[in-house]
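Peer 1: Any chance you can model this:
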Amino acid sequence: MKTWIAAIRSEKIKLRRSYVLGLAVIDPLLCVLIGLMSDLGTAPEAWNMLFTIMIALHALFFLPILTGIFAALVCRYEHAGGGWKQILSLPVTRNVLYTSKFVIVASLVALNQVLFFATVLGVGLIKGLDVSLIPWGDFGMKLLAGFVACLPLAALQLFVSAWWSSFAAPMVLNVIFTIPNMLVVNSEVFGPYYPWAQPMLVMMRAGGEYDFGAFGLPLETLLITIGGSSLVFILAGLTYFNRKAV
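Peer 2: Here you go, the predicted model:
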């Protein structure tokens with residue numbers, strides 16, 4: 001356990017030299033613009049309307065893209081100047097190194113979710129919404145579900161980033177697969193199994209009632225699919241990493 005915690009601390013130190021925290025802020029700030037331009041009125045469900053409007057941009061595009069960027073960043077230093085040879089020569093198992101990187105990526109996604117929620121509250125206050133009407137439980141469920149839905153994508157992107165020596169290529173690939181989300185989320189056949197669409201599907205479905213495309217599927221079905229794909233991608237990444245040549 002101490003070795004694993006030390007590996008996580010090492011990853012945090014490396015990320016301090018990057019612009020990763022700035023990237024985590026960009027998404028919420030852009031969503032603020034969408035929220036401020038929305039017409040919510042004074043209806044009791046105004047908070048839910050605001051949250052849904054801001055989710056449309058956050059979960060459909062920015063959250064999947066940022067998850068891929070975070071995964072690429074945690075492998076960036078190892079790809080530069082023979083870093084993999086140095087880090088794999090340390091008296092630390094490869095499983096510990098790989099899972100510590102995954103934990104960092106997941107932590108950054110969680111931070112992004114918290115910042116997004118803070119901007120939702122900020123926009124609501126600016127627009128004069130009643131604080132006493134905030135559905136804390138509903139919002140918390142959606143944010144947690146969105147975080148969980150990002151785990152398969154984080155595992156997949158970490159696998160690709162560890163395998164691909166190029167820093168930019170995994171990010172470009174991630175953007176390419178994120179763009180079709182608008183179409184994929186409307187497909188009951190492909191939507192639940194498409195990692196880039198799962199954050200949007202789960203955040204919209206948690207606590208809501210929708211009956212079209214993949215949005216009509218039970219939340220439990222989506223979460224089971226997400227849990228299974230997370231396990232598959234993590235095991236695939238660990239298997240590759242343990243066999244990775246140095």
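Peer 1: Run the chain-centre distance for the lengthiest helix in the chain.
Peer 2: Assignment by DSSP state H gives helix 94-126 as the longest helix of the chain. Taking Cα atoms, centre = their mean, to the nearest Å, the mean C-alpha location of helix 94-126 is offset from the chain mean by 7 Å.
Peer 1: got the angle between whichever helix or strand comes after it and helix 94-126?
Peer 2: Sequence order places helix 136-163 as the next helix or strand after helix 94-126, per DSSP states H and E. Put simply, helix 136-163 runs at 140 degrees to helix 94-126, going by axes from the mean of the first three to the mean of the last three Cα atoms, to 10 degrees.
Peer 1: List the buried residues in helix 136-163.
Peer 2: With burial defined by 16 or more other Cβ atoms under 10 Å, the residues of helix 136-163 counted as buried are 139, 141-143, 145-162. (Glycine included, C-beta is placed from N, CA and C.)
Peer 1: Counting by contacts, list what it packs against.
Peer 2: helix 46-57, helix 63-74, helix 94-126, helix 168-178, helix 198-205, helix 219-243 (3 or more Cβ pairs under 8 Å, 6 or more residues apart in numbering; DSSP states H and E).
Peer 1: what mean pLDDT would you report for the longest one?
Peer 2: The one in question is helix 94-126. Helix 94-126 carries an average pLDDT of 91.
Peer 1: and it, what does it pack onto?
Peer 2: Contact analysis of helix 94-126 by 3+ Cβ pairs under 8 Å, 6+ apart lists helix 2-16, helix 20-37, helix 46-57, helix 63-74, helix 83-88, helix 136-163, helix 219-243 as its packing neighbours.
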